[in-house]
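Undergrad: sharing a model that was predicted from the sequence below.
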Amino acid sequence: MQVRRRRVLAESFGILLPALVLVATPRMAHAEPLAQLMVGADGDLVVADTRDRTLGGGVDVRVGFRFGWPRSAFIGRVVSGAMFFQPEAVVGYRQLPFTSEPDDLRIGRASGGLRMGLMPRPCEILFFNHWGSSFGREARLLWDVGTGIDLRSTSMSFGIHATYNHLSDSGAWLEVGPHIEYRSLP
């Protein structure tokens, strides 16, 4: 009876130990740092505008800090790979349209926000939102929300994004464009 109990215990341990190791430990072969300093740049082409201005454009520079979500959930690792959140500050410039017109919009922007995403290798699927102020002719509330997809490595990513921007009383516009990001340990 005691021999049978030991055998059942040994078999149970043989099944439970690999499952416990799989769930409880991070992937060692491709482990990412838990936090990284980030610098990024975005190019933007305005493709739609609520005031019917022709095409416009802009550029942004981003600085932030990327954190990985804790890898405590087995389902999260299997379904989506690693996940991240990234608080960031953004400064940039917009000109709508490219030519001078009476209602043209030429603004700088300063904002802060959050970028979150999933990292199924070798891609990165991201969502972001920023709130801040425009500067130039007058200061107004400016916010954006968007999504993007990147090809990534441990320290760099590049891809495309689409962003909806809203400037308090001057309308809204949709932009698309490329972006690049470099990450490093602090």
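TA: Everything's here; your move.

Undergrad: and A139, that's in a helix?
TA: No - counting by DSSP: H, G, I helix; E, B strand; the rest coil, A139 falls outside a helix, being coil.

Undergrad: so it sits against G132, correct?
TA: No - A139 is not in contact with G132 according to Cβ atoms under 8 Å; the separation is 10.0 Å. Every residue, glycine included, has its C-beta placed from N, CA and C.

Undergrad: ok, the two, which is more surrounded?
TA: The neighbour comparison of A139 against G132 (other Cβ atoms under 10 Å) goes to G132, with 19 against 14.

Undergrad: quick check: which element contains the more buried one?
TA: In this assignment (DSSP states H and E), G132 forms part of strand 123-135.

Undergrad: helix or strand right after that strand?
TA: Next along from strand 123-135, by DSSP H and E: strand 141-152.

Undergrad: just the buried residues of the helix or strand following that next one, please?
TA: Counting by DSSP H and E, the next helix or strand C-terminal to strand 141-152 is strand 156-167. Going by neighbour count (16 or more other Cβ atoms under 10 Å), the buried part of strand 156-167 is 157-159, 161, 163, 165, 167.

Undergrad: which elements pack onto strand 156-167?
TA: Here strand 156-167 touches strand 123-135, strand 141-152, strand 171-184, going by 3 or more Cβ pairs under 8 Å, 6 or more residues apart in numbering; DSSP states H and E.
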